[in-house]
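Asker: need the 3D shape of this:
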Amino acid sequence: MGRRRFRVLSVRPQDGYLIGTVDRFDDIATENEAAPLANQALRSLRRYLGAIGTNLGESRGAVGVPANAYDLSMWIAAILAVPNRQKQELLDLRSTADRLQREAGLLRRAEVVHAAWT
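Answerer: Numbering: from 1, shown residues only. Model prediction:
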């Protein structure tokens, strides 16, 4: 997983390579708000994965679940079984707290759908 976020502003060919101009940015700092949301999203993820027969284990380190809210939000976005368009919408969010809230909602909806079909 990359460490720096950026938006591609322009791309041009040069000497057989594509050269880009980028704007680097970080998430809006909301760590105090994001920590409880990370726990909520992790609980939703455990319930969802349990419903489909996958287990994260009790400790976050059991399968490499990220410990901090930002990394967890990116990890959940990467593993969610949603169309790429929805994943991109999650990744485009500039707030970790907003991303975690949206992911928790998607996970809850997935649980409901799964329960309706089992």
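Asker: show me the helices in this protein, by range?
Answerer: Using DSSP state H, the helices of the chain run over 31-51, 69-79, 84-92, 96-117.
Asker: distance of the residue lying farthest from the centre of the chain from residue 9?
Answerer: For the chain, the residue at maximal distance from the C-alpha centroid (C-alpha atoms, centre = their mean) is residue 15, at 35.8 Å. Shown here: residue 15 relative to residue 9, a distance of 20 Å by C-beta to C-beta, to the nearest Å. From N, CA and C alone the C-beta is placed, and that goes for glycine too.
Asker: go on, residue 90?
Answerer: In this structure, residue 90 and residue 9 are 22 Å apart, going by C-beta to C-beta.
Asker: tell me which of the two has more neighbours.
Answerer: More crowded of residue 90 and residue 9, by other C-beta atoms under 10 Å: residue 90, with 20 against 9.
Asker: residues contacting the more buried one?
Answerer: With C-beta atoms under 8 Å, 6 or more residues apart in numbering as the criterion, the residues that contact residue 90 are 73, 77, 80, 99, 102, 103.
Asker: likewise residue 108?
Answerer: Under the criterion of C-beta under 8 Å, 6+ apart, the contact list for residue 108 reads residue 44.
Asker: which one is residue 13 nearest to, not counting chain neighbours?
Answerer: Nearest-residue entry for residue 13: residue 19, 7.4 Å, with adjacent residues in sequence omitted and distances by C-beta to C-beta, 6 or more residues apart in numbering.
Asker: count of residues packed around the one you found?
Answerer: By other C-beta under 10 Å, the burial measure for residue 19, its neighbour count, is 10.
Asker: how near is it to residue 8?
Answerer: For residue 19, the distance to residue 8 equals 11 Å [C-beta to C-beta].
Asker: got it, and residue 113?
Answerer: Applying C-beta to C-beta to residue 113 and residue 8 gives a distance of 34 Å.
Asker: residue 64 too?
Answerer: Looking at residue 64 against residue 8, where the rule is C-beta to C-beta, the gap reads 29 Å.
Asker: cool, residue 100 as well?
Answerer: Computed with C-beta to C-beta, the distance linking residue 100 and residue 8 is 25 Å.
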